[in-house]
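1. just coords:
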């Protein structure tokens, strides 16, 4: 039975990425060696790093003066590295979910943190509006997509201070004005590669302005100076990331991908909104994520939620159980998810409702 993978992360990868990565595990670049055992300093793998960085810059239209790094530690390590490198006195943060809250907690270890807006009191079911970012902030941090709660910031905010963004779960899903940001970072296990590599896009002239000493491994300059090879990088996920980037280019780039994503998400939101059994947890359409669509059953059907998950599994649908913070269901519609899987989910919802 064909599987329809709606897991929130690690999540679905394109067939292109899976096929090429599997081939490289057996024989990488004609070397007769596996990508799992090749030296990261071999000319064959250095070429992978170079091409992956070049495609990052091309697909996101990254301006001069920025570097692309491939690091370990996940986005969670970036919650620490960002303030270590940028927070001198005060930073502003927007609290839109669990991961934003974790980033705020780490930043408070390094200086004053101004939480300019939060939707925590309403279980993060909307994106705060009308906030003011203090002009003396060293930077303003946002989490653009909130996987648990199904909200998303769809445009790059206009503020008068440098911005930092965690784009773990929506990178390459929409065009981004990188010039507005000092740092964009994210774990790769949603829209890019298997778990194990973290991408960091960093503006070089934003660095070197804090008074504290920074440990070598946590200093962005270390990794820039060593071409993201200060220590052994996560070789296999980087290779997989390169395959995904090649596939994105074949699809027509980020703008083409965004149109596909908007269409997929609208289909599913329409099905939820027109249902007598289900309803969405994010009511404001402008705050709804196109990557993670969260919904629950109406009160009179609550006892049937597990039954629906079991029914969906008979159709090959996996990964739709909602996070415990929200309950219900979560359909992650990342770039690699085909529209046909959305159609199967919608059909299953209608069939279960009719029953």
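-> Cool, got the structure. Not measured: the values here are computed from a predicted model.

2. can you tell me the helix or strand for residue 148?
-> Of the helices and strands defined by DSSP states H and E, none includes residue 148.

3. local confidence estimate at residue 143?
-> pLDDT, the model's per-residue confidence, is 98 for residue 143.

4. quick one, what contacts it?
-> For residue 143, the set of contacting residues under the criterion of C-beta atoms under 8 Å, 6 or more residues apart in numbering consists of 94, 96, 97, 99, 100, 103, 165, 166. Every residue, glycine included, has its C-beta placed from N, CA and C.

5. inside helices: which ones of the residues you listed?
-> Among the contacts of residue 143, DSSP state H puts 99, 100, 103 in helices.

6. ok so, going back, in a markdown table: the contacts of residue 143, plus distance to residue 54 and neighbour count.
-> Listed next are the contacts of residue 143 as a markdown table, based on distance: C-beta to C-beta, whole Å; neighbours: other C-beta atoms under 10 Å:
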| residue | distance to residue 54 | neighbour count |
| --- | --- | --- |
| 94 | 32 | 24 |
| 96 | 32 | 26 |
| 97 | 33 | 25 |
| 99 | 29 | 20 |
| 100 | 31 | 24 |
| 103 | 29 | 27 |
| 165 | 22 | 26 |
| 166 | 24 | 28 |
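
7. ok, which pair from these is furthest apart?
-> The largest distance within the contacts of residue 143, taken as C-beta to C-beta, falls between 97 and 165 and amounts to 13.4 Å.

8. helices of the stretch 1-150 of the chain, start to end?
-> Here the stretch 1-150 of the chain has its helices, by DSSP state H, counting those that start in this stretch, at 15-26, 43-59, 74-86, 98-107.

9. for residue 286, which of the ones you listed is the nearest?
-> The stretch from the helices of the stretch 1-150 of the chain with the least distance to residue 286 (C-beta to C-beta) is helix 98-107; that distance is 18.3 Å.

10. now the closest one: mean pLDDT?
-> Across helix 98-107, the average pLDDT comes to 98.

11. what is that helix packed up against?
-> Packing contacts for helix 98-107, counted by 3 or more C-beta pairs under 8 Å, 6 or more residues apart in numbering; DSSP states H and E, involve helix 74-86, strand 90-95, strand 112-118, strand 140-143, strand 145-146, strand 163-166.

12. mind putting the helices of the stretch 1-150 of the chain in TSV, distance to residue 203 included?
-> Converted to TSV, the helices of the stretch 1-150 of the chain look like this (distance: least, C-beta to C-beta, whole Å):
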stretch	distance to residue 203
helix 15-26	29
helix 43-59	13
helix 74-86	10
helix 98-107	18
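
13. single out the most deeply packed of those.
-> The highest mean neighbour count among these, using mean count of other C-beta atoms under 10 Å, belongs to helix 74-86: a mean of 22.

14. neighbouring contacts of that one?
-> Contacts made with helix 74-86 from outside it, assessed by C-beta under 8 Å, 6+ apart, are listed as 71, 91, 99, 102-103, 105-107, 109-111, 138-139, 141, 162, 164, 166, 168, 182-183, 185-187, 195, 198, 200, 206-207, 209-210, 212, 214-215, 218-220.

15. what's the span of stretch 219-233 from first residue to last?
-> With C-alpha to C-alpha, to the nearest Å as the measure, the ends of stretch 219-233 fall 16 Å from one another.

16. go on, stretch 298-309?
-> Distances were taken as C-alpha to C-alpha; on that basis the terminal residues of stretch 298-309 are 15 Å apart.

17. tell me the average confidence for it?
-> For stretch 298-309, the mean per-residue pLDDT is 97.

18. and stretch 233-245, by the same measure?
-> The average pLDDT for stretch 233-245 rounds to 98.

19. stretch 255-265 now?
-> 98.

20. contact partners of it?
-> By C-beta under 8 Å, 6+ apart, the surrounding residues in contact with stretch 255-265 are 172-175, 248, 251, 288-291, 293, 333, 335, 337, 339, 342.

21. shaky segments in the stretch 101-250 of the chain?
-> Regions of the stretch 101-250 of the chain meeting the criterion pLDDT under 70 are absent.

22. okay, strands next: where are they in the protein?
-> Using DSSP state E, the strands found in the chain span residues 4-5, 66-71, 90-95, 112-118, 140-143, 145-146, 151-152, 163-166, 181-187, 198-203, 278-280, 292-297, 317-318, 329-332.
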